[in-house]
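Asks: Got a sequence here, can you model it:
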Amino acid sequence: HGLSGVALWPRLVLDPKGDIVVESRGPRGEGQKSHWQTVLALLAPRPVPVAAGSVLQLEATVKLGAAVDVPPVYELQARVA
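Replies: Below you'll find the predicted structure:
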């Protein structure tokens, strides 16, 4: 068994209280009507070996652009133990 990447999908919280939320997938990751695409972030050039009981630790960093026309930069670091 090997780990190639992590599937990510957006969840948009549109107000400070969290009352208005757009979910691109269901609570268990099931598909639903949405134009937001699932992104597969590849974590290594080749799959990393994993076994039953392996623990994946994922650290994510997002650097937001200084203006609306400057795209954000995403960085993922993963460790398998």
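
Asks: and the gap between residue 27 and residue 11?
Replies: Using Cβ to Cβ, to the nearest Å, one gets 11 Å for the distance from residue 27 to residue 11. Quick note: C-beta positions are derived from backbone N, CA and C, even for glycine.

Asks: Of those two, which one has the most company?
Replies: Taking neighbours as other Cβ atoms under 10 Å, residue 27 and residue 11 compare with residue 11 leading, 10 against 6.

Asks: Can you report how many residues lie near the nearest residue to residue 11 once chain neighbours are set aside?
Replies: By the measure of Cβ to Cβ, 6 or more residues apart in numbering, the closest residue to residue 11 outside its immediate chain neighbours is residue 23, 5.7 Å from it. For residue 23, the count of nearby residues is 13 (other Cβ under 10 Å).

Asks: pLDDT score for residue 23?
Replies: For residue 23, the model assigns a pLDDT of 85.

Asks: Settle this for me: it is touching residue 31, isn't it.
Replies: No - if you go by Cβ atoms under 8 Å, residue 23 and residue 31 don't touch, sitting 11.1 Å apart.

Asks: Mind telling me what element residue 53 is part of?
Replies: Take DSSP states H and E as the rule and residue 53 turns out to sit in neither a helix nor a strand.
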